[in-house]
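Peer 1: Please work out how this folds:
(2 chains)
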Amino acid sequence: MPKKSTVLLIALIFGIGALFASCAGLQTKPTAANFKDPVITLDYIGPSYYEGFWYYGKAKVAMGKAPKGGGSSPVTLEFVFDIANPNGYPILLDSSQFFLYFDDYELRIVKDMNEMWIPAGKTNSKVLNVTLTPFSTYVKFLLASKELALSRGDKPWDKITQWWTGIPDMSFKIDVKEASFSFSANGVSKVVGFSATYHR
Amino acid sequence: MKMKKFLIGLVAVVFLFGLTSMALAKVIKVGGLKDTTGATSDVGKDAAVGQAEFWSHYVNDHGGINGKKVKYIWFDYGYRIPEAITKYKLLKRMKVAAIMGWGTGDTEALSPTINKDQMPYVSDSYSAHLTNPKDWVDKKGKKHLGTPYNLFFSSDYSTNARSCLTAWYDKKWKPRGEKRKPRLACSYMFGSPYASAPIEAIKNHAELLGFEIGPDQDVSLFALDTKSQIMALQKFKPDVIWHGNTTMSVAATIRDAYALGLRADHIVNNWGFDENLPRLAGEAMNAPDALTVMGATPNGFFGQECDLMDEVVKYAKKINPGIPLEKRICRTVQGWANGMVLWEAMKRADKAGDLTGPGIMKKGFETMRNFHIGLCTGDVTYTADDHRPTGGCWVQEWKDGKFQKVEFVDVRGRWPKQWAKEWLGW
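Peer 2: Coordinates of the predicted model:
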């Protein structure tokens, strides 16, 4: 004859099991047909690290080794997106990626591969960061942006000066283009494209 | 008492079931080091995007590694070698099984480390310096360390150079019926490990075919104006110029050659020969009196008719709908082709129950014999003694507004003795 406590324990185990089962039953099962596109909006872009605008060529440093081509002021920008999940089940944000443009000049890919669950019907914030320097930006003028600069008659250092001194006010056009946010739920995956212009 | 044992047993079964599920849900990590912002970003961005489409989506949609999901983690290192080394260490701490690398500078700089770490490293550098898995001594008596963990799918740069020069000699020079020696000059960035990697090989091949070799021209990867180099070449009057740089500076050099009336033909290594080249070179490649421009094409152009190409295009549309298809180029295809060989090696190693670095090499890569990738690449073979994946390369030409096949040069078949005994590793 089992003890009363043992009987209660068995009942408790089955009770919890039944509760989980009923909860699972209430939630919609994700399928390709019912997986609605998450809604993405760009909340803001802001500098999270900024040293103004400076650069130097050859330098004698007190310690370590100065970069061969000189150094220039880094700036770290954060891009804050709101991502709303309109589905009746949680979804996993697998990865986020976009291309960053200043005044139509493509600067670089910004990406993040840290996963994040978004509960059913809720909105999460996703923050992506990028660090740029005037020198690394100048390289883009020599490659991908060369044609555009020539056609517009823009001088690379003038543009870079304008951007680096304009960062506190965000006084130039910033585009987030060709973005790709990748989601999944229960083995069903979905990619959502996105683009936005930020000009304060 | 019996009931207590039963309950303990039940809890143990549930616990074990949970662990088994976790094991089944095991994720295999693959790392990536790419240049999307630095000196080679003109070709690196598309390659990086394509490779991410392949690993994060195509592979997982097609069973991962024998049912195990792949997590692809990649970083932009901006073509800065110290950053590549730092990010390599990070990937190692993240316990990736293998790495998709990028340029010649960082790949050669990391080579001793990855070989010591036994980390399979599939790079987009196709330098022949990475193809000899054993330690070896060159003609001058210099000792070289073997690179057993360095791999790629493509014909190496030296084979590309030999193929281009041979195709030009066969199809352009011979029909002219000239009695004199043809003249070759090389245009590349002397300080770039990528650009300088096949120079010794192409000069060796030029001597083999009876060329006269002119002075090399130093052209930066960032070159906007190459008129001084073209004027220097005008004195030598080359019949053909080898370009070892990437697309932007190759286009600038071809434009200046056309503008200054230097009527030499041009042969280009694979990273300088893509869909953007005819556009950037403008009249020099498209006018009625356009220059002859041929190049090494170890894989098909984006959308070209090849096995598996429909999947490349499909995933480009699906995963990056914001990037217009006309901006996609053969670099995406190269990213896929390199991914395909590592994926196959990992599946074979995993099936053999050994997904370690040595397992991926010995039970994966080195079991491949004429493995068919598709994408208009050559079929690949890796052995324990030789990591040159293919023995030749398709050479194509931009003509009448499109890329056209000129010749598949089977370097291994035409020079079997040199291929087997002399040319491995450089």
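Peer 1: Rank the helices and strands of chain A by mean pLDDT and give me the bottom one.
Peer 2: When each helix and strand of chain A is scored by mean pLDDT, DSSP states H and E, helix A:4-26 comes last, with a mean of 58.
Peer 1: what residues does the following helix or strand past that one touch?
Peer 2: Going down the chain from helix A:4-26, the next helix or strand is strand A:39-50, by DSSP states H and E. With Cβ atoms under 8 Å, 6 or more residues apart in numbering or on different chains as the test, strand A:39-50 has contacts from A:74-84, A:86, A:125, A:129, A:131, A:167-168, A:170, A:174, A:176, A:179, A:181, A:192, A:194, A:196, A:198. All C-beta atoms are positioned from the backbone trio N, CA, C, and that covers glycine.
Peer 1: can you do 7 Å?
Peer 2: A:74-84, A:86, A:125, A:129, A:167, A:170, A:174, A:176, A:181, A:192, A:194, A:196, A:198 (Cβ atoms under 7 Å, 6 or more residues apart in numbering or on different chains).
Peer 1: Any idea how many residues pack against residue 170?
Peer 2: Here I'm looking at chain A. Around residue A:170 there are 16 other residues, counting by other Cβ atoms under 10 Å in any protein chain shown.
Peer 1: that answer is for a different chain, and I need it for chain B
Peer 2: Counted with other Cβ under 10 Å, residue B:170 comes out at 15.
Peer 1: can I assume it sits in a strand?
Peer 2: No - assigned with DSSP: H, G, I helix; E, B strand; the rest coil, residue B:170 falls outside any strand and is helix.
Peer 1: quick one: average pLDDT of the helix or strand where residue B:204 lies?
Peer 2: Element membership for residue B:204, per DSSP H and E: helix B:199-209. Mean per-residue pLDDT for helix B:199-209: 98.
Peer 1: just checking, next helix/strand downstream of it?
Peer 2: Going down the chain from helix B:199-209, the next helix or strand is strand B:212-213, by DSSP H and E.
Peer 1: how about the strands in the stretch 151-300 of chain B?
Peer 2: Secondary structure of the stretch 151-300 of chain B, counting by DSSP state E, counting those that start in this stretch: strands at B:183-188, B:212-213, B:217-218, B:240-243, B:265-268, B:293-297.
Peer 1: helices or strands up against the helix holding residue B:204?
Peer 2: Counting contacts by 3 or more Cβ pairs under 7 Å, 6 or more residues apart in numbering or on different chains; DSSP states H and E, helix B:199-209 is packed against helix B:157-168, strand B:183-188.
Peer 1: okay, the angle between the first one and strand B:293-297?
Peer 2: Using axes from the mean of the first three to the mean of the last three Cα atoms, to 10 degrees, the inter-axis angle of helix B:157-168 relative to strand B:293-297 is 140 degrees.
Peer 1: So which other helices or strands are in contact with helix B:157-168?
Peer 2: helix B:199-209, strand B:265-268, strand B:293-297, strand B:392-399, strand B:402-410, helix B:411-414.
Peer 1: In this structure residue A:194 contacts residue A:179, no?
Peer 2: Yes - counting by Cβ atoms under 7 Å, residue A:194 touches residue A:179, with 3.9 Å between them.
Peer 1: For the two, work out which one has more neighbours and name it.
Peer 2: Set side by side, residue A:194 and residue A:179 show more neighbours around residue A:179, with 26 against 22, by other Cβ under 10 Å.
Peer 1: now the helices and strands packed on helix B:157-168 in TSV, with mean neighbour count?
Peer 2: Output for the helices and strands packed on helix B:157-168, formatted as TSV (neighbours: other Cβ atoms under 10 Å in any protein chain shown):
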stretch	mean neighbour count
helix B:199-209	18
strand B:265-268	26
strand B:293-297	27
strand B:392-399	23
strand B:402-410	17
helix B:411-414	16
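Peer 1: Let me know which of these is the nearest to residue A:185.
Peer 2: Of all the helices and strands packed on helix B:157-168, strand B:293-297 sits nearest to residue A:185, with 40.9 Å by Cβ to Cβ.
Peer 1: Secondary structure element holding the residue nearest the centre of chain A?
Peer 2: With distances taken as Cα atoms, centre = their mean, residue A:128 lies nearest the centre of chain A, 3.3 Å away. Using DSSP H and E, residue A:128 sits within strand A:123-132.
Peer 1: how about the helix or strand following that strand, does it reach chain B?
Peer 2: Remark: after strand A:123-132, the chain's next helix or strand is helix A:134-142, criterion DSSP H and E. Yes - Helix A:134-142 is in contact with chain B by Cβ under 7 Å from any Cβ of the partner chain, via A:136, A:139, A:142.
Peer 1: Who wins on neighbours among those residues?
Peer 2: residue A:139 (22 neighbours).
Peer 1: give me every residue that touches it.
Peer 2: B:38, B:39.
Peer 1: now swap in the one 4 residues further on and tell me
Peer 2: With contact taken as Cβ under 7 Å, 6+ apart, residue A:143 is in contact with B:41, B:42, B:222, B:248.
Peer 1: what's the answer for residue B:383, then?
Peer 2: Shown in contact with residue B:383 (Cβ under 7 Å, 6+ apart): residue B:366.
Peer 1: Distance of it relative to chain A?
Peer 2: 35 Å (Cβ to the nearest Cβ, to the nearest Å).
Peer 1: I'd like to know which residues of the stretch 151-300 of chain B are adjacent to chain A.
Peer 2: Counting by Cβ under 7 Å from any Cβ, the stretch 151-300 of chain B sits next to chain A at B:222, B:248.
Peer 1: For chain A, what's its nearest residue on the stretch 151-300 of chain B.
Peer 2: Nearest residue of the stretch 151-300 of chain B to chain A, counting by Cβ to the nearest Cβ: residue B:222, 4.0 Å away.
Peer 1: Could you report the pLDDT at the nearest residue to that residue once chain neighbours are set aside?
Peer 2: Spatial nearest neighbour of residue B:222, chain neighbours left out: residue A:142 (4.0 Å); criterion: Cβ to Cβ, 6 or more residues apart in numbering or on different chains. Note on residue A:142: pLDDT of 84.
Peer 1: For residue A:150, see how far away residue A:142 is.
Peer 2: For residue A:142, the distance to residue A:150 equals 11 Å [Cβ to Cβ, to the nearest Å].
Peer 1: if I look at these two, which residues touch both of them?
Peer 2: With Cβ under 7 Å, 6+ apart as the test, residue A:142 and residue A:150 reach no residue in common.
Peer 1: JSON lines for the helices and strands packed on helix B:157-168, including distance to residue A:186?
Peer 2: Shown next, in JSON lines, are the helices and strands packed on helix B:157-168 (distance: least, Cβ to Cβ, whole Å):
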{"stretch": "helix B:199-209", "distance to residue A:186": "53"}
{"stretch": "strand B:265-268", "distance to residue A:186": "48"}
{"stretch": "strand B:293-297", "distance to residue A:186": "42"}
{"stretch": "strand B:392-399", "distance to residue A:186": "44"}
{"stretch": "strand B:402-410", "distance to residue A:186": "44"}
{"stretch": "helix B:411-414", "distance to residue A:186": "50"}
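Peer 1: My read is that residue B:229 contacts residue B:219, right?
Peer 2: Yes - assessed by Cβ under 7 Å, residue B:229 is found in contact with residue B:219 at 5.6 Å.
Peer 1: neighbour count winner among those two?
Peer 2: The neighbour comparison of residue B:229 against residue B:219 (other Cβ under 10 Å) goes to residue B:219, with 26 against 22.
Peer 1: which residues touch that one?
Peer 2: B:187, B:188, B:189, B:226, B:229, B:245, B:249, B:253.
Peer 1: nearest residue to the fifth one other than its sequence neighbours?
Peer 2: Looking back up the chat, that one is residue B:229. Excluding the flanking residues, the one nearest residue B:229 by Cβ to Cβ, 6+ apart is residue B:217, at 4.0 Å.
Peer 1: quick one: the one you found from residue B:184, how far?
Peer 2: On the measure of Cβ to Cβ, residue B:217 and residue B:184 end up 12 Å apart.
Peer 1: Compare the two (neighbour count), which wins?
Peer 2: Shown here are residue B:217 and residue B:184; by other Cβ under 10 Å, residue B:184 has more neighbours (26 against 22).
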